[in-house]
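> quick one, structure for this:
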Amino acid sequence: MKKPTFQPLQPLHSRRTALGLALATATLAGAGSAFAQGAAKELVVWHAYRAAEKAAFEKVVENFAKTPAAKGFKVSTLAIPYDAYADKISAAVPRGKGPDVFIYAQDRLGGWIEAGKTVEPIDFFLDKATRDSLLPGMLAAMTYKGGVWGLPINYKMPTLIYNKDLVKAPPKTTDEMVKLAKSLTNAASGRYGLAYWYTNFYFHSALMNAFGGAVFDKDGKLVLDSPANVASLNQMMKWFKDGVLPAEPSEALIASMFNEGKAAMVINGPWFVGDIDKKINVGFAPLPVLDATKKPLRPWMTIEGAYVAASSANKEVAYEFARYLTGEEAGLVLALEGRQLHTNKAVYANPKVSGDPVLQAFRAQLENAEPMPNRPEMTMVWSPATTAMNKIVKGNATVEAALKEAAGSVQESVAALRRGK
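Numbering: from 1, shown residues only. Purely as a prediction, here's the structure:
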């Protein structure tokens, strides 16, 4: 396997010059190829959408093709199964076999940038109007080592979802949440006041961030076994031992319990909404404030971006397509028909969006959410962190010992990766 090449970012003016030359060369090459083959100009886009999201996205693609920004290009989309998507991007795009634009969440961005020949920096194109149109924090997820590498399209994060027939008023603090959950729990009959996938590190992030914890500090140092992270897991274990959380949680179990009226409150994301039975009188509320720190639970947020492939011969049109995806016109289609949480601020002023309880609920949670790290090392964290959390819950290790072991495992993986460079 060819070793990835790590290079520091060039200064912005140098990148602009280089990109300008590349665009000119690509334009001439593309024009010559199209003339020689008599082929129509085509922009290829990869995504992993299904169902309503896919239909809405394809409608947006059709609308873009009618705009002057499309410059007569035909836009072809390819839906790729999610489980294989990231690996397909990593394998195909650096060899020039992939799309002009691909859609993916920010968590893999740093790795693709460091590997090289995958994502094109877009500082050259990005203007103030586009920056100003986006919700706070969105563009930060597309930023790596001072450069901007994509445009954010939509975001997802967990919030509090509850059964209005069981919960008359959602809790404002975690002490209120636990007290309410205890009053609604009857373990013998399989009923619980609160259910969430607490052994999943992604869902634990809300509690971790409220304690001031993190996976990496501001300098990129691994701090997985920090005192704040230890405190957050001790708090989770207290809730578990209080008996208000079901044993061995999973996404399927939580959905089943909520739909059967056996879970009064759950912590889950917009992807969960489609699984809720129509008979449930469902309500939404921001996650409560953690009494221990007086800070709100702050879940990780995944932000899907549109990235221009480094190998694209149509970078200018590719960027225009990405920019169109972030605009209000596209945003309304993606929000109202695809049920996506769009990144454009103006979308939320539309009466149809502002009157939608689901879209507004997750928009409210955005005020207390944190973009998931986009560092390359993040992919090495999930397995050790999950192992640690399961050991803690099963009583096979203390919180301190399990996190220390997980941190050591991640460090070994990172060191091995660097040795292989």
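
> kindly state the pLDDT recorded for residue 417?
In this model, residue 417 is scored at 76, pLDDT.

> buried residues in the strand or helix carrying residue 154?
Using DSSP states H and E, residue 154 sits in strand 151-156. Neighbour counts using 16 or more other Cβ atoms under 10 Å place 151-156 of strand 151-156 among the buried residues. Every C-beta, even on glycine, is put in place using the N, C-alpha and C of the backbone.

> again, but for stretch 172-192
Neighbour counts using 16+ other Cβ under 10 Å place 174, 177-178, 180-181, 184-185, 191-192 of stretch 172-192 among the buried residues.

> any idea how far residue 102 is from residue 307?
Using Cβ to Cβ, to the nearest Å, we find residue 307 at a distance of 6 Å from residue 102.

> go through the buried residues of stretch 172-192 and say which is closest to residue 137.
residue 174 (23.6 Å; Cβ to Cβ).

> contact partners for that closest one?
Residue 174 makes contact with 288-292, 297, according to Cβ atoms under 8 Å, 6 or more residues apart in numbering.

> and if you look at residue 267?
Residue 267 neighbours (Cβ under 8 Å, 6+ apart): 158-161, 194, 196, 203, 206, 287, 299.

> just the contacts of residue 174: which are in strands?
Within the contacts of residue 174, residues falling in strands by DSSP state E are 289-290.

> can you tell me what sits against stretch 75-88?
Here stretch 75-88 has contacts from 42-50, 54, 57-58, 61, 64-65, 98-99, 104, 108, 321, using Cβ under 8 Å, 6+ apart.

> still on that earlier bit, and the strand holding residue 154, what does it pack onto?
Contacts defined by 3 or more Cβ pairs under 8 Å, 6 or more residues apart in numbering; DSSP states H and E place strand 151-156 against helix 138-141, strand 300-308, helix 315-326.

> need the residues that contact it.
103, 106, 122, 126, 130, 134-135, 138-139, 141-142, 269-271, 301-306, 322-323, 325-326, 334, 340-343, 362, 366, 369.

> and the angle from that strand to helix 315-326?
30 degrees (axes from the mean of the first three to the mean of the last three Cα atoms, to 10 degrees).

> what mean pLDDT would you report for stretch 394-412?
According to the model, stretch 394-412 has a mean pLDDT of 97.

> brain fart, stretch 149-160
Per-region confidence: stretch 149-160 scores 98 on mean pLDDT.

> what residues are up against the most centrally placed residue in the chain?
Central residue of the chain (Cα atoms, centre = their mean): residue 302, 1.5 Å from the mean position. Going by Cβ under 8 Å, 6+ apart, residue 302 touches 105-107, 155-157, 372.

> what of residue 308?
Residue 308 is in contact with 100-101, 119-120, 122, 150, 315, 318-319, 322, counting by Cβ under 8 Å, 6+ apart.

> TSV for the residues you listed, including distance to residue 387?
Output for those, formatted as TSV (distance: Cβ to Cβ, whole Å):
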residue	distance to residue 387
100	39
101	36
119	31
120	36
122	37
150	31
315	42
318	40
319	41
322	37
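
> for these, give me TSV that also has neighbour count and distance to residue 88.
Below are the contacts of residue 308 laid out as TSV (neighbours: other Cβ atoms under 10 Å; distance: Cβ to Cβ, whole Å):
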residue	neighbour count	distance to residue 88
100	26	15
101	28	14
119	27	15
120	23	18
122	24	22
150	29	17
315	23	21
318	27	18
319	24	22
322	24	19
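
> phi, psi for the nearest residue to residue 307 once chain neighbours are set aside please.
In space, and not counting its chain neighbours, residue 307 is closest to residue 150: 4.3 Å by Cβ to Cβ, 6 or more residues apart in numbering. Dihedral pair for residue 150: phi -170, psi 170, per degrees, to the nearest 10.

> and if you look at residue 43?
phi -110, psi 120.

> ditto for the one 4 residues further on
As for residue 47, its main-chain torsions (degrees, to the nearest 10) stand at phi -160, psi 180.

> which strand residues sit across from it in the sheet?
The partner list for residue 47 in beta bridges (DSSP bridges) reads residue 79.
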